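Chemist: Task: produce atomic coordinates for the following.
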Amino acid sequence: MSRPVPLRTACAGFSFLVIFFAVSLPAAAATGYVRVNQIGYETGSAMRAYVMTSSAVSGISFAVRNSGGATVASGSAGAKLGSWGSYSIYPVDFSLSTVDTYTVSVSGPVAATSPAFRVDTPANLFSTPLANNLYYYENSRDGSNYIPTPLRTAAGHLNDSSATVYSTPSFTSGDLIIGSLNPTGQTINAEGGWWDAGDYLKFVHTHSYVVALMLIGIRDFPNQMGPLSTTSDFTGEAQFGLNWLRQMWDDTSQTLFYQVGIGTDFQSHNYQSDHDVWRLPQVDDSYGGTNAQYQYIRHRPVFVAGATRAKISPNLAGRMAASFAECFQVFNATDPVLANSCLLSAEHIFDLANTSPSGNLLTVAPWDFYPETEWRDDLELGAAELYFALQRGNLPPGLPHTDPKFYLTAGANWAHAYITGPSDATDTLNLYDVSGLAHFELYRAIDLAGNPPGLAVSKTDLLNDLNKQITTSISQAKDPFGFGFAWKFGDSVSHGAGLSVMAAESNYLASNGGYATDSQRWLGNISGANAWGVTFTIGDGSTFPDCPQHQVANIVGSLNGGQPILSGAVVEGPNGGASSGSLTGMQTCPPGGGDIYKKFNAGGNIYKDNVQSYTTDEPAIDLSATSFLMYAWRMAGGPSGRPQLQPAFGSRDSRGLDAVVRP
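Modeler: Now for the predicted structure:
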C-alpha cells in the first residue's frame, strides 16, 4: 500500500501540515447465513446447504447436528460457487440416512446456524405441504359451498347466482374501461369457483389451468392426491372447480363466458371495481347499499367470449378441452353423467378453437392482467387429454370424433407447431406455457398408441424439447444457489416448482436420473435454500411470508406467522421490483414497517414481504398448481398407472413409494 500523501489545509490565514499515519486495524469479521431446504431432505439423497458470507473467506468448517445436539456429519464447505450481490456463496454437501431433525452450523471465519430441517422419506416430508396446498384452495372457494375454517366464516358473492352478462369492454392504454358496460340480455349462474388471487375476481383462464393440473394429479397420483390419500384427497376440490367451469360453458348454445367481476376503473364513470375496496367477500352482496358507485361490487358483471358457436381463443379452448377431457378420465367410473357431459363439451370446445388468432389472445379483461402470447401448447395438451379419454371406451353418444387417432394426430401437429414456433424453449411449465406438461402427456399418448409412424413429432422430439427448455432456463438463471430460473423474471416460485416437475418427467421418460438432483434442489430453492432464506409457500418451513397481499389473510389472519394463516398459498416470490399502494381497511404488515429482506436483494432480484407488494407477496391459484404436482412427484416417484386406465389404487413399493408404471 502506498503511503498517504500529506494534505494542506488553510484556516484563518495560517497553514497547517497534517500528516496521516497508516495504522493497521483488524479486518471486520464476516457475517454469514446458512440457507437450507426448510421442508427437509429425502433420506440418503445428496443434500446441500449454502453459506452466505458478507465477504470472501476460506476455511469454513461445518457440523450437522441431530435433535439431540450430537454431530453426525462434518467437514469443510466447498469452493465458492459465485457471488450474490456483495455476498459470497459456498456449498455445504452432506448425506444423512437417519430420520430426525437437524441443523447445519458453520465456524471458522464466519459463524452461523441454519433453521432446523427434517430428513425423512418423501412421503413424510411432503404430505403436509401437499395438504397445505389443498387447504389454500379450500379457503379460496367462492359462493355458498364454502368450507368453514378459521379464516372463512361466511359465504361470499351469492349474487353471482344470477349474474348479468356483458360484452367484452374496450380499454385505454392505461387499462381504464372505455364508455359503459353493454349487457347482452343474458344472465347466468356464475356462483362458485375459486378467487383468482388476493382479490375476488374469477377467470376461466387461470381456473381451467388449475383444474387441468389438479385432475392430472388425481389421475396419476391417486395415493397422494386421489381417493387413497388420507390427508390430501383433491377429488372434491377438483369437482368443485369443474362445476364452475361447466357453468361458464353453455354446451347447448356453445357459448363461453370467461370472467366474473372487474378489476379496473372506468374512464368516464365513478363505478368502483374489485381492486378499489379492501374487504371480506361476504360483504359484497350488499356493499354500499343502493349507491350506484358500488353496483359492480354488489352485482358483478360476467363477460362473454363471443356469440353462439363463435370461435374460441385457442389458449382457452385448449385448456378447457383438457380439463373436460380429464373430467371424463377421472369420473367416468364414479359419475358417468358428469363424465359424459364433460367429454361432449371437451370435443365441442376443441372444434371451436380459433387456430389462426390475431391480436392479443383472450385471457382476461384487461389482457394486461395475464398477457399470455403462446397457445399451441394449450391445444397440444387438450388433444393429448382427449386422446386418453377416447381410449377408455364406454363413450357417450353424439361425439363429433370417436377415433382416438384424430386427437393423437392433432396433438402431434400442435407439438410440432410449438417446437418450430416463436416461443420454443423461451419458458418453462407455468400458467403461460404448459408445453412442459403437454409434451409429457403426448409422449405417453404416442407410446400407448404403439409409436405409430407418420406423426408430426416423435417421442424423441418431445423429450429433447422438454430437456431443451430446462437447459435453456438454467443457462439464463446464473444463480450461485443453482436455481434454474431467473428470480426477477416474475412468477419465479411457480416456475421453480414447474421446473422440478419437468425434471421429474424427463427422468421418468428417459428412465435415468439425469435431473434427479436438480429436481430436488429446485424444490429446495423455493423452500428456503435461496438468498432470502424464505420458503415462499405460506405455512411451510420456519420462515415464510407473513404479509401476503390477500384480503382474507390480511383482515382475519395473523400478521406475524402465528395462526390462522393461509397455509399452502404460494406467493409470487422474488421479482424484478416490489410494488406499493394501500387501501382503506388494509392492515399494515409488517406491523412495525421495515424491509428485513432488502439486504439480500441483488442483481435486480427483489423480494419484499409486505401486504402492499403484490408483485412479490400476492398468492394466486395458478401459482400453487405446480407445487402440488411437484410434491406428488416427489412422494410417488412417478405416476402409478397409465392415464387411459382408471387409477390402479393401492400399489406401493418397499420404500413407501408408489410402484411406478413406465410408459
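Chemist: Can you report phi and psi for residue 194?
Modeler: Dihedral pair for residue 194: phi -100, psi 140, per degrees, to the nearest 10.
Chemist: so who does it touch?
Modeler: By C-beta atoms under 8 Å, 6 or more residues apart in numbering, the residues touching residue 194 are 137, 140, 141, 142, 202, 207, 210, 241, 244, 621. C-beta coordinates here come from the backbone N, C-alpha and C atoms, glycine included.
Chemist: wait, doesn't the second one sit right on residue 621?
Modeler: Yes - here residue 140 reaches residue 621: they are 6.2 Å apart, a contact under C-beta atoms under 8 Å.
Chemist: Need the residues touching each of the two.
Modeler: 194, 195.
Chemist: just the strands in the stretch 1-150 of the chain please.
Modeler: Assigned by DSSP state E, counting those that start in this stretch, the stretch 1-150 of the chain shows strands spanning 7-11, 14-18, 32-35, 41-42, 47-53, 61-65, 71-76, 82-84, 87-94, 100-107, 112-113, 117-120.
Chemist: in stretch 113-123, what's buried?
Modeler: 114, 115, 116, 117, 118, 119, 120, 121, 122, 123 (16 or more other C-beta atoms under 10 Å).
Chemist: Show residues contacting stretch 288-305.
Modeler: 157, 159-160, 163-169, 181, 184, 186, 188, 190, 255-262, 270-274, 277, 284-287, 312-313, 316, 362, 365.
Chemist: For this structure, give me the ranges with low pLDDT.
Modeler: 1-28, 641-642, 644-663 (pLDDT under 70).
Chemist: can I get the strands of the stretch 1-150 of the chain in a markdown table with distance to residue 446?
Modeler: Shown next, in a markdown table, are those (distance: least, C-beta to C-beta, whole Å):
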| stretch | distance to residue 446 |
| --- | --- |
| strand 7-11 | 79 |
| strand 14-18 | 82 |
| strand 32-35 | 41 |
| strand 41-42 | 31 |
| strand 47-53 | 36 |
| strand 61-65 | 45 |
| strand 71-76 | 45 |
| strand 82-84 | 40 |
| strand 87-94 | 39 |
| strand 100-107 | 44 |
| strand 112-113 | 51 |
| strand 117-120 | 37 |
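Chemist: Quick check: which of these is nearest to residue 542?
Modeler: strand 117-120 (8.6 Å; C-beta to C-beta).
Chemist: Does anything pack onto the closest one? Which helices or strands?
Modeler: strand 41-42, strand 100-107 (3 or more C-beta pairs under 8 Å, 6 or more residues apart in numbering; DSSP states H and E).
Chemist: which strands and helices sit next to the shortest one?
Modeler: In this case it means strand 41-42. strand 117-120, helix 122-139, helix 516-525.
Chemist: Take the ones you listed and lay them out in CSV including distance to residue 575.
Modeler: CSV is the format used below for those (distance: least, C-beta to C-beta, whole Å):
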stretch, distance to residue 575
strand 117-120, 26
helix 122-139, 20
helix 516-525, 15
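Chemist: Nearest to residue 559 among the ones you listed would be which one?
Modeler: Short answer: helix 122-139, nearest of the helices and strands packed on strand 41-42 by C-beta to C-beta, at 16.9 Å.
Chemist: ok, and the closest non-adjacent residue to residue 169?
Modeler: Excluding its sequence neighbours, the residue lying closest to residue 169 (C-beta to C-beta, 6 or more residues apart in numbering) is residue 177, at 4.7 Å.
Chemist: on that earlier part again, which of the contacts of stretch 288-305 fall in helices?
Modeler: residue 316 (DSSP state H).
Chemist: from the contacts of stretch 288-305, which would you call buried?
Modeler: Among the contacts of stretch 288-305, those scoring as buried are 157, 159-160, 163-166, 168-169, 181, 188, 190, 255-262, 271-274, 277, 284-285, 312-313, 316, 362, 365 (criterion: 16+ other C-beta under 10 Å).
Chemist: quick one: residue 114 and residue 35 touch, right?
Modeler: Yes - under the criterion of C-beta under 8 Å, residue 114 makes contact with residue 35 at 7.1 Å.
Chemist: shared neighbours of the two, anything?
Modeler: Going by C-beta under 8 Å, 6+ apart, residues that sit against residue 114 and also against residue 35 are residue 49.
Chemist: returning to that earlier point: most packed of the helices and strands packed on strand 117-120?
Modeler: Sort those by mean neighbour count, taking mean count of other C-beta atoms under 10 Å, and strand 41-42 sits at the top with a mean of 23.
Chemist: That strand pairs with which strands, and in what direction?
Modeler: In the sheet, strand 41-42 lines up against strand 117-120 (parallel) (DSSP bridges).
Chemist: For the strand it pairs with, which outside residues touch it?
Modeler: Counting by C-beta under 8 Å, 6+ apart, 36-43, 47, 96-103, 124-125, 528 sit against strand 117-120.
Chemist: List buried residues within those.
Modeler: The neighbour-count test (16+ other C-beta under 10 Å) marks 36-43, 47, 96, 102-103, 124-125, 528 as buried among the contacts of strand 117-120.
Chemist: What is the burial count for residue 211?
Modeler: For residue 211, the count of nearby residues is 30 (other C-beta atoms under 10 Å).
Chemist: and the angle for the strand or helix carrying it with helix 122-139?
Modeler: Using DSSP states H and E, residue 211 sits within helix 204-220. Relative orientation of helix 204-220 versus helix 122-139 (axes from the mean of the first three to the mean of the last three C-alpha atoms, to 10 degrees): 140 degrees.
Chemist: Against residue 37, how distant is the nearest residue to residue 45 once chain neighbours are set aside?
Modeler: Computed as C-beta to C-beta, 6+ apart, the closest residue to residue 45 that is not its neighbour in sequence is residue 520, at 6.1 Å. Per C-beta to C-beta, to the nearest Å, residue 520 is found 8 Å from residue 37.
Chemist: quick one, what contacts residue 311?
Modeler: Per C-beta under 8 Å, 6+ apart, neighbours of residue 311: 352, 353, 354.
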